[in-house]
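In: Got a predicted structure here, sequence first:
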Amino acid sequence: MRVDAFKLPTDGPADVRGLTALLDDGVVRADELVCVLGKTEGNGGRNDFTRDLAMRALEDLLAPRLGLPPARVQDRVVFSLSGGTEGVVSPHVVAFARSGTWSEEPGPKRLVVGTAHTRPFTPAEIGRMPQIVETARAVAELAGELRLAPADVHLVQMKGAIPRADHEAVLAARRARTPLRNDMVHSRAASALGVALALGEVALADLSDDVVCDDWSLYSGVASCSAKPGLQRTEILMFGNSDRATGDLVVGHTVLKDILDVDAVRALLAELGLPVTGGQLSPEQRAHVVGVFAKSEADPRGSIRGRRHTMLSDDDIDDTRHSRAALAAVLASVVGDPCVYVSTRAEHHGPLGGGPLAIIARAP
């Protein structure tokens, strides 16, 4: 199996010229596309329709090439588009294509990518143990299909389920005295804990409904989850390194202790064969970096390294926009490229105030 990836700057949410050129030139085949991850220049909030615009443009591009109606394209290709390009972030997408079969003989570990879904959830299951356990099952099964040990999984990108709750579901929750957690916060949190359980980052005995969004010592260092109202099942996208894969791409990850953790960024780049010697990657090194993916969070304790921050008390600018801009600037300053993917809200994604970071690069 070989995975190829292409970083494509965009001039707007509906700009698919870069991917169109790859398809027209035969560099990529539509039926080999696995996923497209990227940043769009909306506000990143609930009313950010730049993501929908980008997905519509991708569906219209790929539908005739896949022989599918546009509404079915996302059954074949996963789109993970994050709104919000505050500060230095440059709008872009990274397209991943998979081809070939597994190598007969083991070799250097190279990037693999795969997709999976959980079963459909009921509103009452979101944010509770049924969502955690089912997410863990799907993640573990996908890792097995990709021939990945837990240590070889470096990024699990998810779109968490938030099924629609009708009047009967709300009444049933009230009668059971278990208020619904059918929202973005709890779906992201339970999804992340499901990844942590599947990969041995937390133990089943330490998990319960009560720890969700309460015990912040429990977290995943590789999960990156958003959540979508109306989605019945969680969509899962996994990146790891296998010794039966070919190609020239590798992925690595680390956990940032806070959004100023430059040392962890440099250490991860060094692990990928890209040591930072002058404060920033050289142009030659920079060309090896294909994708930078991170989660940011304004520390809810109100301080960073003992200093008070005002991200949570600013009535003019939402804290998500503050933290996204800050971490993106830190990452871009080291990598030397503003095409970085930073999404916000990190419930059980890394420690409080920190979060996971994954980088995909060409092996030097």
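Out: Structure's in. What do you need? Numbers count the residues shown, from 1 in each chain.

In: Could you point out the helix or strand that follows the lengthiest strand in the chain?
Out: In the chain, taking DSSP state E as the definition, the longest strand is strand 153-162. Going down the chain from strand 153-162, the next helix or strand is helix 167-175, by DSSP states H and E.

In: who's in contact with that next one?
Out: 122, 123, 124, 179, 180 (Cβ atoms under 8 Å, 6 or more residues apart in numbering). In short, each C-beta sits where N, CA and C put it, glycine included.

In: Columns secondary structure, distance to residue 70 and pLDDT on top of those, output as TSV?
Out: Converted to TSV, the contacts of helix 167-175 look like this (DSSP: H, G, I helix; E, B strand; the rest coil; distance: Cβ to Cβ, whole Å; pLDDT from 0 to 100):
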residue	secondary structure	distance to residue 70	pLDDT
122	coil	29	95
123	helix	28	95
124	helix	33	94
179	coil	38	89
180	coil	32	93
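
In: Residue 242: which of the residues you listed is nearest?
Out: Looking at the contacts of helix 167-175 and their distance to residue 242, the nearest is residue 122, at 35.1 Å (Cβ to Cβ).

In: The closest one against residue 162, yeah?
Out: No - at 11.4 Å, residue 122 does not count as touching residue 162 under the criterion of Cβ atoms under 8 Å.

In: neighbour-wise, which of those two wins?
Out: residue 162 (24 against 16; other Cβ atoms under 10 Å).

In: per-residue confidence at the more buried one?
Out: Residue 162 is assigned 96 on the pLDDT scale.

In: surely it meets residue 188?
Out: No - assessed by Cβ under 8 Å, residue 162 is found out of contact with residue 188, at 9.8 Å.

In: Quick check: neighbours shared by those two?
Out: Shared contacts of residue 162 and residue 188, counting by Cβ under 8 Å, 6+ apart, come down to residue 227.

In: in this structure, which spans are strands?
Out: 2-9, 33-40, 78-83, 92-99, 110-117, 153-162, 223-229, 235-242, 249-256, 289-296, 303-304, 307-308, 341-344, 355-362.

In: With just CA atoms, put the fourth one into PDB.
Out: It refers to strand 92-99. Taking Å, rounded to 0.1, in the frame of the first residue of the first chain, the C-alpha atoms of strand 92-99 are listed here in PDB:
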ATOM      1  CA  HIS A  92      -5.300  25.200   2.100                       C
ATOM      2  CA  VAL A  93      -6.300  21.500   1.800                       C
ATOM      3  CA  VAL A  94      -4.200  18.400   1.900                       C
ATOM      4  CA  ALA A  95      -5.500  15.500  -0.300                       C
ATOM      5  CA  PHE A  96      -4.600  11.900   0.500                       C
ATOM      6  CA  ALA A  97      -4.700   9.100  -2.100                       C
ATOM      7  CA  ARG A  98      -4.100   5.400  -1.500                       C
ATOM      8  CA  SER A  99      -3.000   2.900  -4.100                       C
END
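
In: Just the angle for that strand relative to strand 235-242, thanks.
Out: 70 degrees (axes from the mean of the first three to the mean of the last three Cα atoms, to 10 degrees).

In: give the contact list for residue 19.
Out: Contacts of residue 19 by Cβ under 8 Å, 6+ apart are 6, 8, 28, 36, 58, 61, 93, 95.

In: Any idea what the fourth one is bridged to?
Out: Beta-bridge partners recorded for residue 36 (DSSP bridges): residue 79, residue 95.

In: Could I get the contacting residues of it?
Out: 19, 58, 77, 78, 79, 80, 81, 93, 94, 95, 96.

In: Buried only: go through those for me.
Out: Burial by neighbour count, 16 or more other Cβ atoms under 10 Å: within the contacts of residue 36 this picks out 19, 58, 77, 78, 79, 80, 81, 93, 94, 95, 96.

In: mind giving me the domain ranges of the chain?
Out: 2-99, 110-238, 248-362 (automatic domain parsing).

In: Please enumerate residues in contact with stretch 98-112?
Out: 1-5, 29, 32, 34, 113, 146-148, 152, 239-251, 360, 363.

In: Any of those residues buried? List them.
Out: Using 16+ other Cβ under 10 Å, the buried ones in the contacts of stretch 98-112 are 1-5, 34, 113, 146, 148, 152, 239-242, 244-251, 360.

In: tell me which of the buried ones among the contacts of residue 36 is nearest to residue 280?
Out: If you rank the buried ones among the contacts of residue 36 by distance to residue 280 using Cβ to Cβ, residue 94 comes first, at 20.8 Å.

In: Could you double-check that residue 314 sits in contact with residue 323?
Out: No - if you go by Cβ under 8 Å, residue 314 and residue 323 don't touch, sitting 11.2 Å apart.

In: neighbour count winner among those two?
Out: More crowded of residue 314 and residue 323, by other Cβ under 10 Å: residue 323, with 26 against 13.
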